[in-house]
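[1] Next input, structure requested:
(2 chains)
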2 protein chains.
Amino acid sequence: MTVKNAFYAQSGGVTAVINASACGVIETARQHSDKIGTVYAGQNGIIGALLENLIDTSKISDADVAALRHTPSGAFGSCRYKMKSLEKNKREYDRLIEVFKAHNIGYFFYNGGGDSADTCLKVSQLADAMGFPIQAIHVPKTVDNDLPVTDNCPGFGSVAKYIAVSTREASYDVASMCATSTKIFVLEVMGRHAGWIAAAGGLAADASNDIPVVILFPEVEFNQEKFLATVDAKVKQYGYCSIVVSEGCHYPDGTFLAEQGTRDSFGHAQLGGAAPVVANMIKDALGYKFHWAVADYLQRAARHLSSKSDVEQAYALGKAAVELALEGKNSVMPAVIRTSNNPYTWHIGSGELKDIANVEKMMPLEYISEDGYGITDACREYLQPLIEGEDYPPYENGMPKYVTLKHELLDKKLPAFEL
Amino acid sequence: MTVKNAFYAQSGGVTAVINASACGVIETARQHSDKIGTVYAGQNGIIGALLENLIDTSKISDADVAALRHTPSGAFGSCRYKMKSLEKNKREYDRLIEVFKAHNIGYFFYNGGGDSADTCLKVSQLADAMGFPIQAIHVPKTVDNDLPVTDNCPGFGSVAKYIAVSTREASYDVASMCATSTKIFVLEVMGRHAGWIAAAGGLAADASNDIPVVILFPEVEFNQEKFLATVDAKVKQYGYCSIVVSEGCHYPDGTFLAEQGTRDSFGHAQLGGAAPVVANMIKDALGYKFHWAVADYLQRAARHLSSKSDVEQAYALGKAAVELALEGKNSVMPAVIRTSNNPYTWHIGSGELKDIANVEKMMPLEYISEDGYGITDACREYLQPLIEGEDYPPYENGMPKYVTLKHELLDKKLPAFEL
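    Below is the predicted model of the structure:
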């Protein structure tokens, strides 16, 4: 009997460390070539499987695979494509089985967040539902940090570090200028449903850095009057105030701050994000000069500032996924299990996909301070280890040296498929 | 005769490395305590001199002075305050002389950009105009990179590195997603008058990184039709396109892209910057999904990503300012003189303030590619050495360890002064 090959794909929004998980999967599979044949990566996620666009990773040099560990983005291409249920779209699952059969694929590694865990769960059920033997293992990844079971999600720690550092640096800047110029700095961060990333802004301040940071969480309904009073008090005390606003911050009726009904001269809907809205609101009410920034993709792509903890865990989870497969597991996800905050200790455990798919881990409300604008000690204890350590990429000519993979596709064996 | 003391102040928008110049000034002055007494720093720039708010830097430990080298922002406070001419506001110059006399100040080090060079020039003329003996030396600093004589201005190299790295990282991200999702990424950068910072976005691409970057310079009048066609061609070729837009990008009639006549529901003027305008323009015309970011203060405060070249030059210029003073010079500015591009070699020279104040160095038009959307090889040769090398700050608990100085003010000897 020939050894089975593996399929690996990246799904959803990419991160600074998802390729470190890919590195862990491929390097570990290479160490077990007696049990796992070739790893075929889906080009652009699951779409690569459906279209039979399979990247032959055996053609990638060991050096390039190693370089994935320090390369942000999704080196094989990712996708936003949610597969429907088996009942609603049997045609796609039949196609997956055809492709897997054609290429002798017995292992399915899917690297993504909550939606992807659901896809992975469905694939894991193909054995029972359709008689096709496959082991499906989910590799966690999401800057949203909202997967259950695992202590945290790879990608999040590096975003948290980026937001914490950027907030500290910009606050130092504003503190210098506030006597005669800018007194307000607003930074907009990702996180439509949960305030994990916004919370990281709170790490800008600590015992040695007395920085006034006001955080606007999606978990806390926006109260303009109370917010303005809080900011004004900070400016009166410190001379300035830094504000970290989640893109998901909203009014009690659910309207996002960013949706201000703004129209341009052609009548088009508003263009901006929450940051300029908050900044202008302060200017109108309190008269303070402001600056604002929107980090957007910069925060999740910033491999130059990744946390070492995050990179190590991303790699370890990719490695563990292969090891779980070798143990014969199906329908599971390796997970980080925290055993102590300080010093931070953790090991790799695992959870069942049925307990993970479609379950969103929200930020505990006890992580938000009583006034609704800061983080508690419990939150700090949770977050701090995740930004610990630096893991700089190599540089050449002043620039980080990331790897771009040639996508060498396998010869197709099947007729074309329409998505 | 007692040795004279020195006054040092930071002026205008702060940078990631202006404190490295402060470090150079203070450390060098300490090495020459036989000729220079105490360095008094103005709290919040020249305002500190006018209000007699002088920080006694002799109270700062050697370790804290050394830490200034890796701390962004202006540790003594900066200001936006332009002194009028001697004829128009003799009262302020009289006050400066009073303060300098009261504290036995014979050296004036002013760390800033073009406006500050003008103030420094005026102070340097106090000797002749008002019979007060002072040596005024300007220490260059500005992310705008628009001072003449010097090869570049401290602060710029680090912003350039930040923008080049961020553009590369975000481009990797978009390249991963473009098959099914975001195809356009727009990054807005500083530079109202000159495209130096925007040009740095062009460094994201090189021989090993074939990235489609379209730059919107303030030097090139915006042509919507041509721009959209350029972006569309890049998306058709690469699957995505990254756009770096200068805040100073404008239409032929001088209207900035950011001024779209946008009104919110209360009729207030538009909130956003140029990036969302460009992104929405592409969406409306071409239908591509977009993301956009505004770097704002993050770019000039990002000490975590400073270029080593920039830090070294900032320090060397602070040191050289003190050495020029010791040589008896007045009304000069130390400057970086480039002697070779590759390898990059430079030494410190100097220029006369009369040739520097109120002279703005624009970006040469031969640095912009023929189509108006990229940088030429000449530009790359100029920029590349300025982002060379990394100079990481120390970290503690996952965060950069920056120094915050206590502002210990000298006892005042003079009556209060109204600005």
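
[2] From now on I want contacts and neighbour counts done on CA atoms only, so please keep to that.
    Fine.

[3] which residues touch A:Gly398?
    Each residue near A:Gly398 by C-alpha atoms under 8 Å, 6 or more residues apart in numbering or on different chains is listed here: B:Lys161, B:Ser307, B:Gln384, B:Pro385, B:Ile387, B:Glu388, B:Gly389, B:Glu390.

[4] now, which of those residues lie within helices?
    B:Lys161 (DSSP state H).

[5] Mind picking the one among the contacts of A:Gly398 that's closest to chain A?
    Among those, B:Glu388 lies closest to chain A (C-alpha to the nearest C-alpha), at 4.1 Å.

[6] distance of the closest residue to that closest one other than its chain neighbours from A:Lys319?
    Once flanking residues are discounted, B:Glu388 sits nearest to A:Gly398: 4.1 Å by C-alpha to C-alpha, 6 or more residues apart in numbering or on different chains. Per C-alpha to C-alpha, to the nearest Å, A:Gly398 is found 32 Å from A:Lys319.

[7] With A:His70 instead?
    Counting by C-alpha to C-alpha, the gap from A:His70 to A:Lys319 is 16 Å.

[8] coming back round to it: dihedrals phi and psi, the residue nearest to B:Glu388?
    In terms of degrees, to the nearest 10, the main-chain angles of A:Gly398 are phi 80, psi 0.

[9] Look up how far B:Tyr162 lies from it.
    Look at A:Gly398 and B:Tyr162: by C-alpha to C-alpha, they are 10 Å apart.

[10] next one: A:Ala102
    In terms of C-alpha to C-alpha, A:Ala102 sits 47 Å off from B:Tyr162.

[11] Neighbour count: the two, which is higher?
    The neighbour comparison of A:Ala102 against B:Tyr162 (other C-alpha atoms under 10 Å in any protein chain shown) goes to B:Tyr162, with 29 against 13.

[12] what bridges to A:Trp292?
    A:Trp292 has these beta-bridge partners by DSSP bridges: A:Val186.

[13] Show the contacting residues for it.
    Contacts for A:Trp292 (C-alpha under 8 Å, 6+ apart) come out as A:Phe185, A:Val186, A:Leu187, A:Glu188, A:Ala275, A:Pro276, A:Ala279, B:Val294, B:Asp296, B:Tyr297.

[14] ok, those vs A:Val332, which is closest?
    Nearest to A:Val332 among those is A:Glu188, at 35.0 Å by C-alpha to C-alpha.

[15] you'd agree that closest one is up against A:Ala274?
    Yes - using C-alpha atoms under 8 Å, A:Glu188 is in contact with A:Ala274, at 6.6 Å.

[16] any idea how far A:Gly157 lies from chain B?
    Distance of A:Gly157 to chain B, given as C-alpha to the nearest C-alpha, to the nearest Å: 10 Å.

[17] Give me the phi and psi for the nearest residue to A:Phe290 once chain neighbours are set aside.
    Nearest non-adjacent residue to A:Phe290, counting by C-alpha to C-alpha, 6+ apart: A:Ile184, 4.5 Å away. Here is the backbone geometry of A:Ile184 (degrees, to the nearest 10): phi -130, psi 130.

[18] Would you agree A:Ile184 is in contact with A:Gly287?
    No - distance between A:Ile184 and A:Gly287: 10.2 Å, which falls outside the contact criterion (C-alpha under 8 Å).

[19] Of those two, give the one with the bigger neighbour count.
    Set A:Ile184 next to A:Gly287 and count neighbours by other C-alpha under 10 Å: A:Ile184 wins out with 25 against 11.

[20] contacting residues for that one?
    Applying C-alpha under 8 Å, 6+ apart to A:Ile184 gives the contacts A:Val174, A:Tyr240, A:Cys241, A:Ser242, A:Ile243, A:Ala279, A:Tyr288, A:Lys289, A:Phe290, A:His291.

[21] JSON lines please, covering those and showing neighbour count.
    Listed next are those as JSON lines, based on neighbours: other C-alpha atoms under 10 Å in any protein chain shown:
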{"residue": "A:Val174", "neighbour count": "29"}
{"residue": "A:Tyr240", "neighbour count": "29"}
{"residue": "A:Cys241", "neighbour count": "27"}
{"residue": "A:Ser242", "neighbour count": "30"}
{"residue": "A:Ile243", "neighbour count": "26"}
{"residue": "A:Ala279", "neighbour count": "21"}
{"residue": "A:Tyr288", "neighbour count": "20"}
{"residue": "A:Lys289", "neighbour count": "18"}
{"residue": "A:Phe290", "neighbour count": "22"}
{"residue": "A:His291", "neighbour count": "20"}
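
[22] did I read that right, A:Ala16 in a strand?
    No - A:Ala16 is assigned coil when assessed by DSSP: H, G, I helix; E, B strand; the rest coil, not a strand.

[23] Just confirm yes or no for the helix or strand hosting A:Gly24 near chain B.
    Secondary structure assignment for A:Gly24, by DSSP states H and E: helix A:18-31. No - in terms of C-alpha under 8 Å from any C-alpha of the partner chain, no part of helix A:18-31 sits within range of chain B; the closest distance is 11.0 Å.

[24] downstream neighbour of that helix in the secondary structure list?
    Using DSSP H and E, the next helix or strand after helix A:18-31 towards the C-terminus is strand A:36-42.
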